[in-house]
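Visitor: One predicted model, sequence on top.
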Amino acid sequence: MRLLVLGGTRFVGRHVVEAALARGHEVTLFTRGKTNPDLFPNVAHLQGDRDAGDLEALKGHTWDAVIDTCGYIPRVVRQSAELLRGAVDRYLFISTISVYADPITAGQDEHAALQKLEDESVEEVTGETYGGLKVLCELAAQSVFGEKAIIVRPGMVVGPHDPTDRFTYWVRRVAQGGEVLAPGTPERPVQMIDGRDLAAFQLHLLEAGIVGVYNATGPSEPYTWGTWLDGMRVGDARFTWIDDAWLGAHEVTGGDLPFWVPEQYADIFAVSVQRGISAGLSFRPFAETVRDTRDWDAARPADTQRKGGLSPERESALLKQWHGEQGG
């Protein structure tokens, strides 16, 4: 299969390209040439800035399918889709489970209500607009390609090369051992998908000629925070669970404790993935994701600036204050 990948040198796109090459597909990348430009020297590289409307390099080529790994603005996705109409047979757009409207309920599937922006002309991607913009991106791809548009909605994507450090923070912190500040309760659900499993699912859909809309997070049944953190344990880590109200009162955020959301929003980590599983979505063992993430993180330069997570000093101070207030 001849594949065009929009993006392809950063995290999710990188895993897509690696998996496609391993499966014997012919890959062409379309990027700005700014992020990891030396990756994949043996594949065709086309260059342009789609955000600026620079799609000239895509003209005059044909592929079997395109995977859009980096569409955030509806206007940009529509321009890409319209230019590629006739040049590709199928358009696979990577969206997000953040497209769903509040309140999200446990077990909801791909038919659930979607977010709506009050101002659909907005193009600034923020925490408030991200989901609504992704909805409009989906609609843009579908309006051009119809039933040949494939929409994949991942949850939290994790594993090697993750630039956000959300999952990596927990893997590294639990491996360090000692007392670990854990948010909420151990029974609360949490979902995620290894970027390599997400890549494999996309390629499977294209190879098998499967179309439609699919949630892509995992595993088949949500983890709980307790089993999730226990699955990262390699030493003497012990978890101190601190409730949402206390964390909020002490100005702890989801950036400080990645994956944590207050109880009223926790069902975003309990959406149904049964449709995806029926279409071929599968998951590697959690221990493999943890091990590979830990190994990748350990191999990064010592001066790498980690993103997200509590500093050791702040975690220690919070734990000390919590214990003091609890009388222990």
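Guide: Perfect, I can see it now.
Visitor: who touches Glu325 in this structure?
Guide: Each residue near Glu325 by Cβ atoms under 8 Å, 6 or more residues apart in numbering is listed here: Trp246. Using the backbone N, CA and C atoms, a C-beta is placed for each residue, glycine as well.
Visitor: where's it relative to Ala317, distance?
Guide: Computed with Cβ to Cβ, to the nearest Å, the distance linking Glu325 and Ala317 is 13 Å.
Visitor: Arg10 too?
Guide: Separation of Arg10 from Ala317 (Cβ to Cβ) stands at 35 Å.
Visitor: okay, these two: which has more neighbours?
Guide: Using other Cβ atoms under 10 Å, the more surrounded residue of Arg10 and Ala317 is Arg10, with 17 against 13.
Visitor: Phi, psi for that one please.
Guide: Main-chain torsions, Arg10, degrees, to the nearest 10: phi -140, psi 120.
Visitor: With Gln191 instead?
Guide: phi -130, psi 160.
Visitor: Show the pLDDT at it.
Guide: pLDDT recorded at Gln191 is 97.
Visitor: Please shift the residue numbers so they start at 5 in all later answers.
Guide: Noted, 5 is the first residue going forward, which turns the last one into Gln195.
Visitor: residue contacts, it?
Guide: 159-160, 221-223, 226-227, 273-275, 277.
Visitor: try Ala270
Guide: Contacts of Ala270 (Cβ under 8 Å, 6+ apart): 188, 192-193.
Visitor: tell me the SS of the closest residue to Thr133 other than its chain neighbours?
Guide: Excluding the flanking residues, the one nearest Thr133 by Cβ to Cβ, 6 or more residues apart in numbering is Val126, at 5.7 Å. Assigned state for Val126: coil (three-state reduction, DSSP: H, G, I helix; E, B strand; the rest coil).
Visitor: With Ala144 instead?
Guide: Three-state assignment for Ala144 (three-state DSSP): helix.
Visitor: Strands of the chain, start to end?
Guide: Using DSSP state E, the strands of the chain run over 6-10, 30-35, 48-51, 69-72, 94-98, 153-158, 161-162, 183-187, 193-198, 216-220, 222-228, 242-246.
Visitor: now what about the first one, what contacts it?
Guide: When you say that, I think you mean strand 6-10. Applying Cβ under 8 Å, 6+ apart, the contact partners of strand 6-10 are 17, 20-21, 24, 29-34, 54, 62, 65-75, 84, 88, 92, 210.
Visitor: Just the buried ones among those residues, please.
Guide: With burial judged by 16 or more other Cβ atoms under 10 Å, the buried subset of those is 17, 20-21, 24, 29, 31-34, 54, 62, 67, 69-75, 84, 88, 92, 210.
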